[in-house]
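Undergrad: Fold the following for me, if possible:
(one chain, ligands or ions: 2)
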Amino acid sequence: MDVPEDAIPTRADAFERAEAAVSGLTRWCDDFPTPGVRFADLTPVFADGPGFRAVIEGLAAVGAGAEIVAGVDARGFLLGGGVAMELGCGVLAVRKAGKLPPPVHSQSYSLEYGAGTLEIPSDAPDLRGRRAFVIDDVLATGGTLLAAAELLTRAGAEVVGVAVVLEIEELGGRARLDQYPVTSLMRV
Ligand SMILES: O=P(O)(O)OC[C@H]1O[C@H](OP(=O)(O)OP(=O)(O)O)[C@H](O)[C@@H]1O
Ligand SMILES: Nc1ncnc2[nH]cnc12
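TA: Ligands and ions are numbered 1, 2, ... in the order given. Take a look at the predicted model:
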């Protein structure tokens, strides 16, 4: 039977299409950005119309009930905007340090190949009591997403979920995020 083009995809269908896109289109780069790292570049997934749609629908399928979507600098911005549109809520950019005017909440972290600081505004929007859904492209050590979730919590939000397109399991990020529901569309 033909499926109408505007049919609402089920979660399983979106996950299946997302996994096919990610496994088929991810660009794996050895020794980037530092020796010994195998970097997963999802640029071709996002540049592919059906691939981008699949990952947005897959992430949105686990974010139902969220009141704000937080996208982590930088590829989380692309995803966060799409997911927020799907869920009908607003989007918050969780920025790398130095990009937002004060006052801000800041949280430093380390990741597979370095360290950084993330920031969100501390005066507006008012996040107190709001259900936040945090999005990024890759979960590796979990340092980045843990910092983002801590920032939102400090601002008074309730982090109701964390979701990524690709999880690199051997780097153990999921264990560091054990106080939050974590979803990945694909695991390697
Ligand atoms: O789980 P972790 O070990 O914290 O790593 C995951 C983070 O690493 C990558 O970002 P990166 O810091 O390279 O920044 P970019 O988005 O600005 O390229 C990726 O986009 C995640 O945000
Ligand atoms: N191997 C990796 N590929 C893509 N993003 C990452 N962030 C941390 N480690 C990464």
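Undergrad: can you map out the helices along this structure?
TA: 11-25, 43-46, 49-61, 75-87, 143-154, 173-176 (DSSP state H).
Undergrad: Flag every buried residue along the fifth one.
TA: Neighbour-count burial for helix 143-154 flags 143-149, 151-153 (criterion: 16 or more other CB atoms under 10 Å). Glycine gets a C-beta too; all of them are placed from N, C-alpha and C.
Undergrad: right, is it up against ligand 1?
TA: Yes: using CB under 6 Å from any ligand atom, we find that helix 143-154 touches ligand 1 at 143-144.
Undergrad: next one: the second one
TA: No: using CB under 6 Å from any ligand atom, no contact is recorded between helix 43-46 and ligand 1, whose separation bottoms out at 10.6 Å.
Undergrad: I'd like to know which elements that helix is packed against.
TA: If you count contacts as 3 or more CB pairs under 8 Å, 6 or more residues apart in numbering; DSSP states H and E, helix 43-46 packs onto helix 11-25, helix 49-61, helix 75-87.
Undergrad: that older thread, output the helices of the chain in TSV, with distance to ligand 2 and mean pLDDT appended to each entry.
TA: Output for the helices of the chain, formatted as TSV (distance: least, CB to the nearest ligand atom, whole Å; pLDDT from 0 to 100):
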stretch	distance to ligand 2	mean pLDDT
helix 11-25	12	94
helix 43-46	11	98
helix 49-61	15	97
helix 75-87	9	98
helix 143-154	7	98
helix 173-176	9	98
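Undergrad: residue contacts, residue 172?
TA: 141-142 (CB atoms under 8 Å, 6 or more residues apart in numbering).
Undergrad: what is the mean pLDDT for stretch 115-132?
TA: The pLDDT scores in stretch 115-132 average 98.
Undergrad: Touching it from outside, list them.
TA: Contacts for stretch 115-132 (CB under 8 Å, 6+ apart): 65-70, 72-73, 90, 92, 94-100, 103-110, 144, 147-148, 151-152, 155-160.
Undergrad: can we see that at 7 Å?
TA: Contacts to stretch 115-132, defined as CB atoms under 7 Å, 6 or more residues apart in numbering, come from residues 65-68, 70, 73, 92, 94-97, 100, 103-109, 147-148, 151-152, 155-160.
Undergrad: Endpoint to endpoint, that stretch covers what distance?
TA: Terminal residues of stretch 115-132 lie 24 Å apart, using CA to CA, to the nearest Å.
Undergrad: ok, and for that stretch, which residues are buried?
TA: 118-121, 127, 130-132.
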